[in-house]
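**Student:** fold the following for me, if possible:
(one chain, ligands or ions: 1)
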Amino acid sequence: MAAPDSSIEAGTRHTSPDEDPSQAWTDLAPDYERARSREDSLDRLVEWPAQRKLLGDVTGHSVLDLGCGNGGKLAELVAGGATDCVGVDITGNFLTTRPPGLELIRGDLSEPQSVHGLADRTFDRILFLQSFGYAKDPVRTLKAAREMLADDGFILLTRTQPIRYALERAEQNGTSLGEEYFATGRYTYRTGWNEEIALTKRTYTISDLLNAFSAAGLYIETAIEPQLSEEAGCRYPHKREWMNTYLGILIFRLRPIPGT
Ligand SMILES: C[S@@+](CC[C@H](N)C(=O)[O-])C[C@H]1O[C@@H](n2cnc3c(N)ncnc32)[C@H](O)[C@@H]1O
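**Tutor:** Numbers count the residues shown, from 1 in each chain. From the prediction side, this is the model:
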């Protein structure tokens, strides 16, 4: 799937990380949340349980969720004892009912310190859950997030296994995994949440990710590649087949490198 940068096809809306993605995500948001809430969604079966486990006890901790979607995950953290939680998303497609202690702000995660109301605030936990790829300058954004961490705070960052996108492109283009994995530039990606809307994404490799963490002065405390449980795999064999082919996501707990 080679990357037409921002071409417009009839009936298809495109966006890229360097353009304004808000319209495409505003259009996608209801479909994304609908897909996420299905009982067989991988977010529900694999990703959120693993993200939640790596977050640990959130009692009394403040949480900033950058690219928070409708804010549903943050609302669960507030119910679990988190305090002073803020979600930021470009769409503003937020939960209509919010518990006390949860603030949802429409804004761009690329410059978190410039989001209205966030200057000079710090947080115990900062989340990029499948949203880091939308940062205009990933290292700059991570550095800014690092500056917003309270003492002993950490960043929880999840990204799709880049091998998954490379494999999908290899299948579509009749190319090899290596050619696509090491390709540079952009590609158009239809999410499956809504075939009418295409996002234009940058390619990345595992080393790109690791180098971004180092350049931002962060080290990996823990990394996991969560999988379906045996029980969920039996219940949803189509999801087991998908995970066995495309691997899923990577989750990192990142902390500031002391003295940097
Ligand atoms: C794949 S969804 C993940 C949503 C949520 N974090 C979750 O785990 O379910 C990506 C989210 O990033 C948001 N997003 C995309 N670009 C953004 C930007 N520049 N600033 C803030 N949010 C952005 C989208 O609106 C969408 O809600």
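**Student:** mean confidence (pLDDT) on the lengthiest helix in the chain, please.
**Tutor:** When every helix of the chain is counted residue by residue (DSSP state H), the longest turns out to be helix 22-37. Averaging pLDDT along helix 22-37 gives 90.
**Student:** give the buried residues for that helix.
**Tutor:** Neighbour counts over helix 22-37 (16 or more other Cβ atoms under 10 Å) mark 24-25, 27-29, 31-32, 35-36 as buried. (C-beta placed from N, C-alpha, C; glycine too.)
**Student:** how about it against the ligand, any contact?
**Tutor:** Yes: residues of helix 22-37 are located near the ligand by Cβ under 6 Å from any ligand atom, namely 25, 29, 32, 36.
**Student:** let me see the contact set for the third one.
**Tutor:** Residue 32 makes contact with 69, 191, 193 under the criterion Cβ atoms under 8 Å, 6 or more residues apart in numbering.
**Student:** how does it look with 7 Å?
**Tutor:** Residue 32 makes contact with 69, 193, according to Cβ atoms under 7 Å, 6 or more residues apart in numbering.
**Student:** relative to residue 171, how far out is it?
**Tutor:** Taken as Cβ to Cβ, to the nearest Å, the spacing of residue 32 relative to residue 171 amounts to 23 Å.
**Student:** so residue 257 makes contact with residue 217?
**Tutor:** Yes: with contacts counted by Cβ atoms under 7 Å, residue 257 reaches residue 217, the gap being 5.1 Å.
**Student:** which of these two has more residues huddled nearby?
**Tutor:** Using other Cβ atoms under 10 Å, the more surrounded residue of residue 257 and residue 217 is residue 217, with 18 against 13.
**Student:** how many residues are close by the closest residue to that one other than its chain neighbours?
**Tutor:** Distances taken as Cβ to Cβ, 6 or more residues apart in numbering put residue 260 closest to residue 217, at 4.2 Å, once the chain neighbours are dropped. The local packing count at residue 260 equals 10, with neighbours defined by other Cβ under 10 Å.
**Student:** give me the pLDDT for residue 260.
**Tutor:** You'll see residue 260 listed with a pLDDT of 83.
**Student:** can you pull out the strands in this structure?
**Tutor:** Counting by DSSP state E, the chain has strands at residues 13-15, 62-66, 83-89, 102-106, 123-129, 149-160, 186-190, 197-202, 218-224, 249-256.
**Student:** turn those into CSV, columns for mean neighbour count and mean pLDDT.
**Tutor:** As requested, the strands of the chain are arranged in CSV below (neighbours: other Cβ atoms under 10 Å; pLDDT from 0 to 100):
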stretch, mean neighbour count, mean pLDDT
strand 13-15, 19, 43
strand 62-66, 26, 98
strand 83-89, 23, 98
strand 102-106, 19, 97
strand 123-129, 23, 98
strand 149-160, 18, 98
strand 186-190, 18, 87
strand 197-202, 20, 88
strand 218-224, 15, 98
strand 249-256, 20, 98
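**Student:** so which of those strands gets nearest the ligand?
**Tutor:** For those, proximity to the ligand was assessed by Cβ to the nearest ligand atom; strand 123-129 is nearest, at 3.4 Å.
**Student:** what helices or strands is the closest one leaning on?
**Tutor:** Applying 3 or more Cβ pairs under 7 Å, 6 or more residues apart in numbering; DSSP states H and E, we find strand 123-129 packed against strand 62-66, strand 149-160.
**Student:** so which of those strands gets nearest residue 241?
**Tutor:** Distance to residue 241, taken as Cβ to Cβ, is lowest for strand 149-160 among the helices and strands packed on strand 123-129, at 17.4 Å.
**Student:** up against the ligand, what does this protein have?
**Tutor:** Proximity of the chain to the ligand is assessed by Cβ under 6 Å from any ligand atom, with 21, 25, 29, 32, 36, 43, 67-69, 73, 88-91, 108-110, 129-131, 134 identified as the residues in range.
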